[in-house]
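>>> build me a model:
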Amino acid sequence: MDLHLVTYFVAVVDHGGITKAAQSLYISQPSLSQAIRTLERRLGTTLFDRTGRRLSLTDEGRSFEVCARRILADVERAKSKVAAVRELAAGRIEIVTYSAFSIHPVIEMARRFRSRYPSILVRVVATDGPAGVHTALRRGEAEIGVTDLSVEHAGMITVPLVEQELVLAVPPNLAEGLPDPVPRSILPTIPLVVDLTNRTDAMQSGELTDGKDLDIAVDCAHPSATWELVMRGTGATIAPRQVAEAQMPTAEVRSLDPPLSRPVGLVLRAGEPSPAAAAFVAIATNGTTGA
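This next block holds a predicted model:
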């Protein structure tokens, strides 16, 4: 059923006839009369009693009036909700990332976005690595991904954000005698707490040590547990400088020689982003995220 037919029907009821309703709708009387007959034909019933000078509703017409007004009210509410989303007065934005970036830069970006748009819900979805980010975006589970831009992102829009420095966070019992910066060549002599499931981690490919085996003390996929293990002296870990300094306050932070960094940014599906996603990108790229 066409929505304009419902609108025409309610106008005729409210104005008590075709003439005044047609004037209010800025259409001709014959066009409005034809529209009402079309509506009756589609419903398979007579909505108006036309025996008198003034149109009056039949019993079926009175029943349909309740439904018609409800339909129009629902449409108006839907329009209001859409307008609120477009004006960023309501709605939500889904961000997908993985543990490497859940602290930096996601927290600061979410904080700044919420400060600017307090009525928009920010939902952070967890996944496993860049492949998981791509899957979530393709499935529509999220609209924006935060990921390592050194990985191939074919078919996606990429938005560079920051070059994230990776450092060595070392418990005091293992830091004695370690220079700053720490040459990568001596990393195999230091017990490490790492996530071996993170395929994008440089230490997985041997880039840190020219292919030499690392001394893996604990294989841990949970960042908070990794940080606690480091602070309790179990081993050192490689982490973004911002994360090391904020989450492992009792550990000593050492730069690496040569330095190690990775480009971090946003990825989105090709096409027009939603208003909330466009606003998030603008917030993320406007100013620093603590690089």
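
>>> residues touching residue 69, list them.
residue 10 (Cβ atoms under 8 Å, 6 or more residues apart in numbering). C-beta: built from backbone N, CA, C; applies to glycine.

>>> just to be sure, it is in a helix?
Yes. Residue state for residue 69 (DSSP: H, G, I helix; E, B strand; the rest coil) corresponds to a helix.

>>> retrieve the pLDDT associated with it.
Predicted confidence (pLDDT) for residue 69: 91.

>>> repeat for the one 4 residues further on
Residue 73 is assigned 84 on the pLDDT scale.

>>> cool, the one 5 residues further on as well?
Listed pLDDT for residue 78 reads 74.

>>> do a quick rundown of the helices in the stretch 51-200 of the chain.
Taking DSSP state H, counting those that start in this stretch, the helices of the stretch 51-200 of the chain run over residues 59-86, 106-116, 129-138, 172-175.

>>> output those helices as CSV; include the columns distance to residue 212.
Rendered in CSV, the data for those read as follows (distance: least, Cβ to Cβ, whole Å):
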stretch, distance to residue 212
helix 59-86, 53
helix 106-116, 33
helix 129-138, 24
helix 172-175, 18
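
>>> ok, now which ones touch the nearest residue to residue 260 once chain neighbours are set aside?
The spatially closest residue to residue 260, leaving aside those adjacent along the chain, is residue 166, at 4.4 Å (Cβ to Cβ, 6 or more residues apart in numbering). Residues near residue 166 by Cβ under 8 Å, 6+ apart: 202, 238, 239, 240, 241, 256, 260, 261, 262.

>>> also residue 276?
Residue 276 touches 85, 88, 91, 92, 93, 117, 120, 143, counting by Cβ under 8 Å, 6+ apart.

>>> just the CA coordinates for the longest strand seen in the chain, please, in CSV.
When the chain is scanned for its longest strand (criterion: DSSP state E), the result is strand 156-170. C-alpha atoms of strand 156-170 as CSV (Å, rounded to 0.1, in the frame of the first residue of the first chain):
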residue,chain,number,x,y,z
MET,A,156,39.3,-0.9,1.9
ILE,A,157,39.6,2.8,2.5
THR,A,158,42.6,3.5,4.8
VAL,A,159,43.1,6.6,7.0
PRO,A,160,46.6,6.9,8.5
LEU,A,161,46.6,8.1,12.1
VAL,A,162,49.9,7.6,14.0
GLU,A,163,53.2,5.9,13.8
GLN,A,164,53.2,3.8,17.0
GLU,A,165,56.6,3.3,18.7
LEU,A,166,57.1,-0.1,20.1
VAL,A,167,59.4,-0.4,23.2
LEU,A,168,60.6,-3.0,25.6
ALA,A,169,58.8,-3.0,29.0
VAL,A,170,61.2,-4.7,31.5
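
>>> can you tell me the strand partners of that strand and which way each runs?
Note on strand 156-170: by DSSP bridges, its sheet partners are strand 237-240 (antiparallel), strand 252-254 (antiparallel), strand 260-269 (antiparallel).

>>> those into JSON lines, with extra columns for mean neighbour count?
Formatted as JSON lines, the entries for the strands paired with strand 156-170 read as follows, by neighbours: other Cβ atoms under 10 Å:
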{"stretch": "strand 237-240", "mean neighbour count": "26"}
{"stretch": "strand 252-254", "mean neighbour count": "17"}
{"stretch": "strand 260-269", "mean neighbour count": "20"}
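
>>> what are the buried residues along stretch 106-125?
Going by neighbour count (16 or more other Cβ atoms under 10 Å), the buried part of stretch 106-125 is 106, 107, 108, 109, 110, 112, 113, 117, 120, 122, 124.

>>> look up how far residue 18 lies from the residue nearest to residue 16 when sequence neighbours are not counted.
Once flanking residues are discounted, residue 16 sits nearest to residue 54: 5.9 Å by Cβ to Cβ, 6+ apart. Separation of residue 54 from residue 18 (Cβ to Cβ, to the nearest Å): 10 Å.

>>> the two - which one has more neighbours?
residue 18 (21 against 9; other Cβ atoms under 10 Å).

>>> for the stretch 101-250 of the chain, which spans come out with low pLDDT?
In the prediction, the stretch 101-250 of the chain carries residues with pLDDT under 70 at positions 198-211.

>>> at 50 what do you get?
Across the stretch 101-250 of the chain, the ranges flagged by pLDDT under 50 are 202-205.

>>> which residue ranges form the strands in the protein?
According to DSSP E, the strands that the chain contains are 48-49, 56-57, 92-97, 121-126, 144-148, 156-170, 182-183, 192-194, 216-219, 237-240, 252-254, 256-257, 260-269.

>>> I am finished for the moment; much appreciated.
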